[in-house]
Each structure stands twice: as structure tokens, then as C-alpha cells.
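Participant: no sequence on this one, just coordinates:
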């Protein structure tokens, strides 16, 4: 079982995948129109709603629950076989996000939130070097994870080669790259690859990229948080494609 807490995350869950929800728990005495609307929607969908004390929610939430928590079946990533079957249904130009070893759940959640906002069609995560789709990651994603194709990949380099064979341009982010982030072609089908919070991309992943780009730093910091870098690159793709609402799905 998994837990989704917070108004935005629970709202997205009820929108995208209400069948996952087993029960909804609401803080006793909470007077909030947004929470009341979610309770109404849950009951209309046949979901059991329980009133609980705030202390009960506090014990079960790693962060601000805003008076609402859904107990649900865990969000499971797609298998590679399922991704291959669904890939042909995606509309080009593709926009994909690849995270090579993002192990902090809040960073993962923030990346998923940016991916959802930019209209990313699939997010690829390595099986062994990634934060899980935990309650913390889903809360940070603020509902962004619910509508995404999230794929668990056994061999990231091999999957990148599979994508390249289908016309996907692989663009990696590296601090020492000579090409600025806005200098790469992100209008064509592309997969944007970002590495871990500290070490960046693994060497094999880096060598699999068609081009490496950097986001130059002007102040005293040497690099951006991975989720911020993801947002910069993804919305540069949105800008190049002239899309007001993100990439086509």
C-alpha cells in the first residue's frame, strides 16, 4: 500500500487514477472548500471517506498533509515491454526525460512535477539507481506523477540506443559541456538526460548522448539542483516547439 497526501496530490489522484484509492482520510474539524470538494468527488466515485484526528495524519505523513490523505495501491512504474507497446501510440516529436541515478525522493518528485508541466510523454528511471516512487516523491510531485508514463529500465544505455534507433535525439546535461542549453535542437524528438545530484551522469550514459549541453552559472554556486536543471531544459524544449501547454501526448 501507498499513501498520497496534500490537496494537489490527492486531487490529481482522483482525476487520473481513482481506482488506486482504497480510502480517503480527512482531518476532523477541517473547514476548507478544496478538501470538501475532494470528499464529495471521492464519495461520488464510491471511495470510503473517514474522519480522523490531526495526530493520525501527522504520524502517517512525511510533510504537510493539508488535512487529507489517501490510502491507495502503490504507483507501479511501467515495464520496458509495456513501454515498447505504448511507444508507438505517442505523438512525435517525442519529449522524454531520463534520470540517471536521482536518489533523493524530493528531487525525483520535483523532476516529475516539471516533467508533467512540460508535457513530457515518458520518464525513464534506472531500476537500481533511483529513488522509489515513495509517498515523499509523490507528495513533492504535487500530482504530477499520476498522469506520466514512468518506466523502470534495467539497462539505461541499451534503452537509449533503442530510442536513438527510433529517431530520438539524446541530449545530456553536463556542467563541462561547450554547448549552451539553448543551443541544442530540442524541437525534434528528444530525450533529455540528467544525472545524479552529486556525480552527474555515469560515463557510459554520457557517451551514449548525441550532444551534451550546459547551463552556465553566473554566481557562486557551481551547479543547479537536478530538478531545476530539468525544468530549464524541458521548458527550453517547450519554447523551441512553440507550445503553450507542453509537448503533445
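Facilitator: Done, it's in. Being a predicted model, the structure only gives us computed values, none of them experimental.

Participant: what backbone torsions are found at the residue located most distally from the centre of the chain?
Facilitator: Distance from the C-alpha centroid of the chain peaks at residue 29, with 33.0 Å (CA atoms, centre = their mean). Main-chain dihedrals, residue 29, degrees, to the nearest 10: phi 80, psi 0.

Participant: for residue 194, same thing?
Facilitator: Torsion angles, degrees, to the nearest 10, at residue 194: phi -130, psi 150.

Participant: next one, pLDDT for it please.
Facilitator: Per-residue pLDDT puts residue 194 at 97.

Participant: do residue 248 as well
Facilitator: 43.

Participant: now do the SS call for residue 15.
Facilitator: helix (DSSP: H, G, I helix; E, B strand; the rest coil).

Participant: isn't it right up against residue 45?
Facilitator: No - if you go by CB atoms under 8 Å, residue 15 and residue 45 don't touch, sitting 10.7 Å apart. The C-beta positions use only the backbone N, C-alpha and C, and glycine is treated the same way.

Participant: name the residues of the lengthiest helix in the chain that come out as buried.
Facilitator: When every helix of the chain is counted residue by residue (DSSP state H), the longest turns out to be helix 226-241. By neighbour count with 16 or more other CB atoms under 10 Å, helix 226-241 contains the buried residues 226-227, 229-238, 240-241.

Participant: tell me the two of those that are most distant?
Facilitator: Using CB to CB, those span at most 22.6 Å, a distance reached by 226 and 241.

Participant: where does pLDDT dip in the chain?
Facilitator: 219-223, 243-249 (pLDDT under 70).

Participant: what ranges do the helices span in it?
Facilitator: Using DSSP H, the helices of the chain run over residues 7-16, 33-44, 54-60, 80-87, 105-118, 135-141, 156-164, 203-208, 226-241.

Participant: name the helices or strands packed onto the longest one?
Facilitator: Using 3 or more CB pairs under 8 Å, 6 or more residues apart in numbering; DSSP states H and E as the contact definition, the elements that helix 226-241 packs against are strand 95-100, helix 105-118, strand 169-173, strand 190-195.

Participant: what do you get for the third one?
Facilitator: Applying 3+ CB pairs under 8 Å, 6+ apart, we find helix 54-60 packed against strand 2-5, strand 21-27, strand 68-72.

Participant: got the phi and psi for residue 188?
Facilitator: phi -80, psi 170.

Participant: thought it was touching residue 171?
Facilitator: No - when contacts are counted by CB under 8 Å, residue 188 is not listed as touching residue 171 (10.0 Å).

Participant: follow-up on the earlier one: in CSV: the helices of the chain, plus distance to residue 68.
Facilitator: As requested, the helices of the chain are arranged in CSV below (distance: least, CB to CB, whole Å):
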stretch, distance to residue 68
helix 7-16, 5
helix 33-44, 5
helix 54-60, 8
helix 80-87, 31
helix 105-118, 18
helix 135-141, 11
helix 156-164, 36
helix 203-208, 39
helix 226-241, 24
